[in-house]
Structures are given as C-alpha cells and as structure tokens.
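> Could you work out the structure for the sequence below:
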Amino acid sequence: MKYRVDLKSLKTEIERKGFQSVEELSEKSRINERELTLVLDGKNLPAMDVMVELASALELTPEKANEIFFNRIIRNTYKKERHFGDGKKGF
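This is a model prediction of the structure:
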C-alpha cells in the first residue's frame, strides 16, 4: 500500500496538544528524537510502531490517525490501451 503522511495535519495536532519542541514530543512518544525529526521534516516515512506511538502521544482518534498517516497517493501508474480491429480504442 502506498501512503504519505499529511505533515500539515500532523503538525497541527502536535501544536493542538501543546508540544513546544521535538524533544518534548520525543519523550512523550518514546520515539528517538532524530527519527522523529526525519519524519516531521518529511524525509522518512514512519514505521508502524512510530505511527502508533505518535497517535497515542497525540491522543488521536483512529479516524484522525488514519487521515494523517494513511493518506493514500492515488495515481494511475499503468494504463494499457487496447485497439480493436476497427481502429476503436478498447479498455
């Protein structure tokens, strides 16, 4: 499954919960500060255990966590056209 993190929403939730620093969130979520920084900077996608710890620290509802962490990238990566003998395109 392809996914991306909605960093804007994640950072909004961090602010909403009153965290003042990455260090503070790192302590609360038990996530290594460096790893957390990479996620928040959009350089790394978080592993499942990191998502769970963040969701717990931020007290996210399952729906909100899904919205933030599993915002799917929908794109057409492969589309094959078929042509029939009459020159019309098929599906």
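> Where does the prediction get shaky in this structure?
1-2, 72-91 (pLDDT under 70).
> Tell me where it has helices.
For the chain, the helices defined by DSSP state H occupy 7-16, 22-29, 33-40, 48-57, 62-69.
> Redo those helices as a markdown table? Include mean neighbour count.
Using the backbone N, CA and C atoms, a C-beta is placed for each residue, glycine as well. Output for the helices of the chain, formatted as a markdown table (neighbours: other Cβ atoms under 10 Å):
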| stretch | mean neighbour count |
| --- | --- |
| helix 7-16 | 14 |
| helix 22-29 | 16 |
| helix 33-40 | 16 |
| helix 48-57 | 17 |
| helix 62-69 | 15 |
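> In contact with the spatially closest residue to Leu54 that is not a sequence neighbour, which residues?
Nearest residue to Leu54, sequence neighbours excluded (Cβ to Cβ, 6 or more residues apart in numbering): Ser29, at 5.5 Å. For Ser29, the contact set (Cβ atoms under 8 Å, 6 or more residues apart in numbering) comprises 36, 53-54, 56-57.
> Please apply the same query to Ser9.
Contact partners of Ser9, counting by Cβ under 8 Å, 6+ apart, are 64, 67-68.
> Go through the residues you listed and name the one nearest Ser21.
When these are compared for distance to Ser21 (Cβ to Cβ), Ile68 wins out at 19.9 Å.
> in terms of contact, does the closest one touch Thr12 like I think?
No: the criterion here is Cβ atoms under 8 Å, and Ile68 misses it with Thr12 at 9.3 Å.
> picking that back up, out of the contacts of Ser29, name the two that are farthest from one another.
Longest span within the contacts of Ser29, Cβ to Cβ: Leu36 and Ser56, 13.7 Å.
> nearest residue to Glu53 other than its sequence neighbours?
In space, and not counting its chain neighbours, Glu53 is closest to Ser29: 4.5 Å by Cβ to Cβ, 6+ apart.
> and what of Leu10?
Nearest residue to Leu10, sequence neighbours excluded (Cβ to Cβ, 6+ apart): Ile68, at 5.1 Å.
> isn't Arg30 right next to Glu53, touching?
Yes: between Arg30 and Glu53 there is a contact under Cβ under 8 Å: 5.7 Å.
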